[in-house]
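Undergrad: here are the coordinates; sequence isn't available:
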């Protein structure tokens, strides 16, 4: 079933994100993405899986303009852009609103935290949206409460555990009230308790999500649909259990059927 697409019913609601024939070549000549197309509906939770080097992080970085050389000026490129967020083309005049709509969670929280205290870090995004101070303060407290860290606002971020730092990053994203969460290996390097807590936070989110991970059990628990990306191309797109039960398809792309599926617990 390599290069196969498993059919899944699509909603008629306009997608929160639409990717059409996206390709990207690194400056050294390596082709990272080739003709990638997919969409995500509001509140849909989609897994993105594949071997190391498949292009998953590169794809995610395109979704809120984190590769600046890929973001064109307004015209005449607007009609030709490969990524649209809530109907907006990925062009420079739209970047501020796109980055409000799309919250990106890096794999390593230390790549995302840079303010002296937790509260200042969570406030950074809302302040850059130009919100009034009282609204920023309200969102900061709501974000910290959502991730169970309402009592650590005055602590330094580097005095927190790895899992707590990831939750602070998520609080900062939630404070911007995005429509889509883009998460790069959200459970990596977490112990089992921290992993369960983080998964519960994601389950309770009302935002759409694109979750790139090697944690296929988490993908099964959270995602209704999964994309397999390999060699920079979408190799499969379908219901999570159907894709992750297909041992031949997974083996072709360096993946294994999750143990819970192998032993019939799904």
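TA: Right, received. Where do you want to start? Everything numeric here is computed off the predicted structure, so don't read it as measured data.

Undergrad: the stretch 51-200 of the chain: strands as residue ranges?
TA: According to DSSP state E, counting those that start in this stretch, the stretch 51-200 of the chain carries its strands in the segments 83-85, 88-89, 102-105, 180-184.

Undergrad: TSV for these, including mean neighbour count?
TA: All C-beta atoms are positioned from the backbone trio N, CA, C, and that covers glycine. Converted to TSV, the strands of the stretch 51-200 of the chain look like this (neighbours: other C-beta atoms under 10 Å):
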stretch	mean neighbour count
strand 83-85	23
strand 88-89	18
strand 102-105	24
strand 180-184	24
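
Undergrad: so the most centrally placed residue in the chain versus residue 60, what's the distance?
TA: Centroid-nearest residue in the chain: residue 182, 1.5 Å away (criterion: C-alpha atoms, centre = their mean). In this view, residue 182 and residue 60 are 5 Å apart by C-beta to C-beta, to the nearest Å.

Undergrad: ok, residue 87 next?
TA: Between residue 87 and residue 60 the distance, using C-beta to C-beta, works out to 20 Å.

Undergrad: how deep is residue 36 tucked in, by neighbour count?
TA: Residues within reach of residue 36, counting by other C-beta atoms under 10 Å, total 23.

Undergrad: check residue 154 too.
TA: Quick note: residue 154 (other C-beta under 10 Å) scores 10 neighbours.

Undergrad: quick one: the helices in the stretch 1-150 of the chain?
TA: 56-61, 95-101, 118-128, 133-146 (DSSP state H, counting those that start in this stretch).

Undergrad: ditto for the stretch 151-266 of the chain
TA: 162-174, 192-204, 216-222, 240-244, 247-252, 259-262.

Undergrad: which one of those helices is the most hemmed in?
TA: Each of those was given a mean neighbour count from mean count of other C-beta atoms under 10 Å, and the largest, a mean of 24, is that of helix 162-174.

Undergrad: related to what we said a few turns ago, show me what contacts the residue nearest to the centre of the chain?
TA: Contact analysis of residue 182 by C-beta atoms under 8 Å, 6 or more residues apart in numbering lists 60, 63-64, 102-105, 209-210.

Undergrad: just give the nearest non-adjacent residue to residue 225, would you?
TA: Counting by C-beta to C-beta, 6 or more residues apart in numbering, the nearest residue to residue 225 once its immediate chain neighbours are dropped is residue 46, at 5.0 Å.

Undergrad: now that neighbour: how far from residue 36?
TA: Counting by C-beta to C-beta - residue 46 and residue 36 are separated by 13 Å.

Undergrad: quick one: closest of the strands of the stretch 51-200 of the chain to residue 167.
TA: Proximity to residue 167, assessed across the strands of the stretch 51-200 of the chain by C-beta to C-beta, is greatest for strand 102-105 (10.3 Å).

Undergrad: many thanks, I have nothing further to ask.
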